[in-house]
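>>> how would this look folded up:
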Amino acid sequence: MTTLLLLTTLTSPGTDTAVHQERVAKCRAIWQASAPWSYSPELAEFFVTEHERQCVGDQWWWSLCNARYASGLNPRMSCRGGGMWSRGLMDCTQLNRPRSAFRDLGTANLFDARVSIRNHCFEAGDYHRWTGREGWSLLRMVFLPRSPDGRRARAEVPKWRRVERQHQRYLQSWYQKRGSR
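Got it, this is the predicted structure:
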């Protein structure tokens, strides 16, 4: 089976416009196909832009796979277990910055999709800078920071990969409709 190169290189907040637009277009195509109930073009752009702002622009792909698996891309998702309460689009348990970091969004409520995305990106960006982790390894760190290489965190990867394969199929269809590859 041929594997498509779906990702672009790591970039900083000064991301090339064409790279940014391609990422946004891919994110929109996947999100619209996989979770039309929560999709909006503006939210998909915000998702990619926040990853780029935190210097983890190329990590949007893995984050979207995790969000699709963990919350079903449902901004109102709420799950309690193991003494934790995960909520929102990005399955967050707590704010990773002071409330002032969310002031421009008008709220610090994790059920707000933009707050959830920014919060996730803060966490992913911090762990990337501290550990150098990327891809599934970074996502395991965000998912379970105390034991990112433990059995529980590693058990999530096959689930995320199933979602990734589904996302790849959505992109293949999107490429065919666009008439390019």
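
>>> who touches residue 147 in this structure?
residue 153 (C-beta atoms under 8 Å, 6 or more residues apart in numbering). C-beta here means a position set from N, CA and C on the backbone, and glycine is covered the same way.

>>> so how far is the helix or strand encompassing residue 161 from its chain's centroid?
Taking DSSP states H and E as the criterion, residue 161 maps to helix 151-178. On the basis of C-alpha atoms, centre = their mean, to the nearest Å, helix 151-178 sits 12 Å off its chain's mean C-alpha point.

>>> so what does the helix or strand hosting residue 116 touch, helix or strand wise?
Using DSSP H and E, residue 116 maps to helix 113-131. If contacts are counted by 3 or more C-beta pairs under 8 Å, 6 or more residues apart in numbering; DSSP states H and E, helix 113-131 sits against helix 41-53, helix 60-70, helix 135-143.

>>> could you dump the ones you listed to CSV with mean pLDDT?
Below are the helices and strands packed on helix 113-131 laid out as CSV (pLDDT from 0 to 100):
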stretch, mean pLDDT
helix 41-53, 96
helix 60-70, 89
helix 135-143, 89
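
>>> quick one: contacts for residue 31?
38, 39, 43, 44, 47, 64, 73.

>>> out of the helices and strands packed on helix 113-131, deepest packed?
Stretch with highest mean neighbour count among the helices and strands packed on helix 113-131: helix 60-70 (a mean of 23; mean count of other C-beta atoms under 10 Å).

>>> what angle sits between that helix and helix 135-143?
Inter-element angle recorded for helix 60-70 and helix 135-143: 50 degrees (by axes from the mean of the first three to the mean of the last three C-alpha atoms, to 10 degrees).

>>> any stretches of the chain with poor pLDDT?
1-15, 76-86, 180-181 (pLDDT under 70).

>>> from residue 149, how far off is the nearest residue to residue 51 once chain neighbours are set aside?
Leaving aside its chain neighbours, residue 51 sits nearest to residue 60 (4.3 Å; criterion: C-beta to C-beta, 6 or more residues apart in numbering). In this view, residue 60 and residue 149 are 23 Å apart by C-beta to C-beta, to the nearest Å.
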